[in-house]
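1. Output the structure for:
(3 chains)
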Amino acid sequence: MPTEALPLLKKRRKPLNSFILLVALIVLVYYTLVGIWPFLYNIWLTFRKTDLLTEDKWIGLSNYSYMFTDPMFWNSLLHNAYYLGVMVLVGIVTSLIFAALIYRTKGIARKIYTAMFFAPVVTSMVAVSLVWMLLYFPKIGMFAQIISALFGVSRDKLVFLQGTGSALLCIIIMDIWRDTGIRTVIFLSGMDEIPDSLYETARIDGATQLRQFFKITIPLLTPQLVFIAAVYSINAIRVYVPIYMMTGSPPGGPANSTRVLTLHMYLSAFYGQRFGYGATISMVMFVILFGLVILEIRAFQQKWEY
Amino acid sequence: MANTQRWNRYRARRFTSRFFLHLVLIVLSLIMVFPLIWMVFSSFKPSLEVISTEFHLFPKTWTVRNYTKVFDELKMGRGYLNSLIVAVSVTFFVLLSATAAGYLFSKLKFKGREALFFAVLGSVMVPPQIVLIPLYLLISKFHWINSYQGLIFPFVMNAFGIFLMRQSMYGIPNDLLEAARMDGASDFRIYFSVILPLVRSSIAVLGILIFLWTWDEFLWPLVTVSDNEMKTLPLLLAHFTQAEQKFPGESLAGATLVIGPVLVVYAFFQRHFVRGLSMTGLKA
Amino acid sequence: MKHLRNVLLVALLLLAAFSLWAQKAIPEPKSKVKLDWWYQDWSGGINWIKEYVPVFEKKHPNVAINVIPISFNDLYAKFIPSIAQGNEADILFGYDEWVVGKDVSKLFTPLTPTLMTKEEFKQYIYTPPLKNVTAKDGNIYGVPAITGANAFGFAYHKDLFQAAGLDAGKIKSWDDLKAASKKLSVYNADGTIKRSGVLFTYTEAANALLDMIQMQGARDKVFNKQANTWNFNIPEAKKALETFKWFVDNKTFDPQSGDYATSFPNKIGAMLLIGPWNVGTAMSQSPELTVGFILMPPFPTVKDKLVLGSVVSYATYFASKRLKGDKLNGALLLLKEIMTNPAEYADIPFYKKPPYWVGAICLKKYIDELAKRPADKMNEFAQTALTATQKGLPAINTLETRISEPILIRDVIHPEMMNVFLGKKSVDEALSYMTDYLTKQEKQLAQ
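-> Numbers count the residues shown, from 1 in each chain, chains lettered A, B, ... in the order given. Prediction:
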């Protein structure tokens, strides 16, 4: 076979090459235009002061030094970190619990529950932000009525998106709600893969359901846990749409309490006419994201073996 | 005798625990879909009723004025057209490029393959915010602002799509390809006749994902489209947050129009949606 | 000889007259042109301009104007970038302070001497609004039409005033304001505020803060243009901020009232610190309201001087620098009509029910006309506009900062004021923060 194929291989070079050439070239051109060049240009921008029109000068590391002492930058970063923490922790815990519950059902009931949990996932984030913005209408909106009816809190205190302490949390809750379906399904499929024999053995040894959960289920779900933690950490750094939609006017919410990095970048560039500084902020975001992705890949590879 | 009693007690306990399990799940499921249900019903209420101090889910007065206003004043129909054109085009191009590139990276060896793949991988880590301004300048140079080309071009290839296709193509046995090559088929032929049919389900999943992501794309159109005739649906919806007055009824009508069709399709193809989206967990 | 000289003189005079006339007249476009006009999307504004455009088009049938409404945030974000990329609209609505410190000759087409000479221009438009749109060579690049967001005073609900037995005309000082706010506040059973007497939740409260500092004579102390430094750690700034805080401490202002656009029309506040533009807006939103306007009382100071508009924005009409030939002429004709026949344009908002817009106007000719109008042809809103212009415009004294209004007012000063109102920062902390942050920005922009 091999000796026969050799002369044939030589002849068949031509058709092989044109496909490879075409596709490889297109991929290369595309990612240069849309990926590599903009990235390099962005780095170039960070060293300049420009409003894209009337001025464009070199200012060296000035944007970077400004950023390190810019309280609004650190404030925004803090908000992203808060977003990350709440989103990942609460998101994982709730989805784990829901998955554990749905796991115990079967057949058509399970299908229905899964379908209903998953429905918010396919909704447009932009549209859903509008809906929640109205639900969160201060003092007289639906959520205000429900919460004050159920928990007896005075309606006047329920300002949600208008309150500097609550605005960001309200947005995070919406975000958690929307993606609960995906996380639950991921955990569910992970749980389905755990062989029943492990649980049998534990039950015979006298372990309660709760103990089984903590000693068997969770450790074996580690790949899923790591995956979800990584993905939602990345999302928390890049978050933009719900912030812009739910606290867009004024952007950044009451007293800048929902100002996140993406928004700070957008406002500095387009409102403050400082595109160089905007580029600098985006570079920091890139570094953070790069780090998170590396962490994800490392952790994922490790736990996969386990 | 005693055994039957114990058995009955056991069955009773199991029944109650199963009862509570389902009760909890029903309540949770309803909570999950409540905002969407509220959205649909409230879109038929007049604006003043949507934000009122009384609580009722069903409208006291049913009205379709919100919908007519959204179509007339906001030109939602045009927005649908724009979103459809962009989403379908992007989906088509991504499927084409992802399968071709997936084939390239999984089965075809050539010099520089690793380097090229690394470049594609790198693009995943670059958040859209970084490339936003330079891309905007580039699109301007082509005079593609406020055009379909401008809305479509930055998305015609998707690194995630390439990974997905590459992954699913690894499973294709190499003997098949060898056999086809022996028959003198070019790679183009192999791509169309052999590879594509074998990854049909991945194509379906990827297609759904890309369509959903493009349908929801907001940041890029925000920066490049100022002409009301060319706005996609998310931009039209954004109008409701930026305007001074909040038009609750119309906002909800707009939101329902955007979410509604997707939910209907979801109801029918639920399995594919779930499979596809869980593979990523990523938002656009 | 004498005869010839006379003929020559007459000929010369005729030539001079002809050239003068030729300069004044802008040729009608020979073919049909269509001009796109980016206009800020605010309730009233779009109604107003859409009513004016047919009036103009009837006079100049070869020019068709397409009004494109864009929200403030979008318009602001796109303004300079689109000009940089060459895809801006033919006619642009913008605010003059968006181009503060920039070379306007690079941004727009010059309006002098093509539209009219610089001297003539100044006869039709007040001088202060022209400052930011005049280039180094003295040519003017925009037509300021109306004042934008400035802290000219307070919008108030007439019915609430009546119910409390108050007369808005009697509020002449901040003490009067404090007393009125106490009477207008309504409380819940548990002592929390149900209705604030006055609201400072709109960003113009920050404009007012700067005005107050200036009124106390501290203009040069708070902002030093040569050194590019700000300093709020001065007693005048402290006194100003504490004046606002008084309303919170005395429970006549609930800082958690929420977004002004919903709270004021819903009577969650009886008065709102805002420009007269909100009179038209609030009533357009909810026609059952009756809203009036109280001009800003002078801050009690040694000098007792009314100062407004430390940070001012004038809504200005610009023409794209890419316009040529017939399109350029069409645009110039539009701007000229607005300047030279202003009543056709400016009367529209005040005489509607509810009024489309009420505020101060930069078109001098119109104000002169209004001032001479007989009483039976004036109404309350035209009178408000007249008073606001006559009292307000001369009191304007802008701070010459490089920082744009959205950053200065909306990003920094107003959020800090809200922090103080909500009790999250002390007055001193907020003033320190503003000092440091704004100085840093100013220095960065001065690089």
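
2. Identify the residue spatially nearest to the residue of the stretch 251-400 of chain C found nearest chain A, adjacent ones excluded.
-> Residue of the stretch 251-400 of chain C nearest chain A, by C-beta to the nearest C-beta: C:Gly258 (4.1 Å). Using the backbone N, CA and C atoms, a C-beta is placed for each residue, glycine as well. The spatial neighbour of C:Gly258 that comes closest, neighbours along the chain excluded (C-beta to C-beta, 6 or more residues apart in numbering or on different chains), is A:Gln162 at 4.1 Å.

3. Just to check, the one you found is in contact with C:Thr262?
-> No - under the criterion of C-beta atoms under 8 Å, A:Gln162 is not in contact with C:Thr262, lying 9.5 Å apart.

4. and the two? which has more neighbours close in?
-> For A:Gln162 and C:Thr262, the more surrounded residue by other C-beta atoms under 10 Å in any protein chain shown is A:Gln162, and the numbers stand at 24 against 19.

5. Report the separation between the more buried one and chain B.
-> According to C-beta to the nearest C-beta, to the nearest Å, A:Gln162 and chain B sit 13 Å apart.

6. same deal with A:Met245?
-> The gap separating A:Met245 from chain B is 5 Å, by C-beta to the nearest C-beta.

7. Wait, that residue touches A:Leu134, no?
-> No - with contact defined as C-beta under 8 Å, A:Met245 does not count as touching A:Leu134 (11.5 Å).

8. Let me see the contact set for the residue nearest to C:Gly258.
-> A:Gln162 is in contact with A:Pro138, A:Pro254, C:Gln256, C:Gly258, C:Asp259, counting by C-beta atoms under 8 Å, 6 or more residues apart in numbering or on different chains.

9. right, and the secondary structure at the residue nearest to C:Pro129 when sequence neighbours are not counted would be what?
-> Taking C-beta to C-beta, 6+ apart, and ignoring the residues beside it in sequence, C:Pro129 has C:Pro144 as its nearest neighbour in space, at 3.6 Å. Under DSSP: H, G, I helix; E, B strand; the rest coil, C:Pro144 falls in the strand class.

10. Residues in contact with the lowest-mean-pLDDT helix or strand in chain B: which ones?
-> The helix or strand of chain B with the lowest confidence, counting by mean pLDDT, DSSP states H and E, is helix B:270-280 at a mean of 72. Contacts made with helix B:270-280 from outside it, assessed by C-beta under 8 Å, 6+ apart, are listed as A:114-115, A:118, A:121-122, A:182, A:185-186, A:189, A:231, B:160, B:164, B:204-206, B:208-209, B:212, B:266.

11. Look up how far C:Ala395 lies from B:Ile139.
-> According to C-beta to C-beta, to the nearest Å, B:Ile139 and C:Ala395 sit 46 Å apart.

12. One more: B:Arg78?
-> As for B:Arg78, its distance to C:Ala395 is 47 Å (criterion: C-beta to C-beta).

13. Ok, C:Trp37 next?
-> From C:Trp37 over to C:Ala395 the distance is 31 Å, taken as C-beta to C-beta.

14. And for B:Met182?
-> B:Met182 sits 91 Å away from C:Ala395, taking C-beta to C-beta as the criterion.

15. more neighbours, the two?
-> For B:Met182 versus C:Ala395, neighbours defined as other C-beta under 10 Å are more numerous around C:Ala395 (19 against 11).

16. next one: phi and psi at the more buried one?
-> When read as degrees, to the nearest 10, the backbone of C:Ala395 gives phi -80, psi 0.

17. Could I get the contacting residues of it?
-> Residues in contact with C:Ala395 (C-beta under 8 Å, 6+ apart) are C:Lys305, C:Leu306, C:Val307, C:Leu308, C:Gly309.

18. Closest one to C:Ile46 out of those residues, please.
-> Proximity of the contacts of C:Ala395 to C:Ile46 (C-beta to C-beta) peaks at C:Gly309, which lies at 25.3 Å.

19. Can you verify my assumption that the closest one contacts C:Leu210?
-> No - counting by C-beta under 8 Å, no contact exists between C:Gly309 and C:Leu210, whose distance comes to 9.0 Å.

20. now chain C, which segments are flagged as low pLDDT?
-> Screening chain C residue by residue with the criterion pLDDT under 70, one finds the ranges C:1-2, C:7-24, C:149, C:301-305.

21. Local confidence estimate at the residue nearest the centre of chain B?
-> The geometric centre of chain B, computed from its C-alpha atoms, lies nearest to B:Leu212 (C-alpha atoms, centre = their mean), at 1.6 Å. The confidence metric pLDDT takes the value 89 at B:Leu212.

22. That one reaches A:Thr123, doesn't it?
-> No - at 9.5 Å, B:Leu212 does not count as touching A:Thr123 under the criterion of C-beta under 8 Å.

23. Mutual contacts of those two, please.
-> Taking C-beta under 8 Å, 6+ apart as the contact rule, B:Leu212 and A:Thr123 both touch B:Val262.
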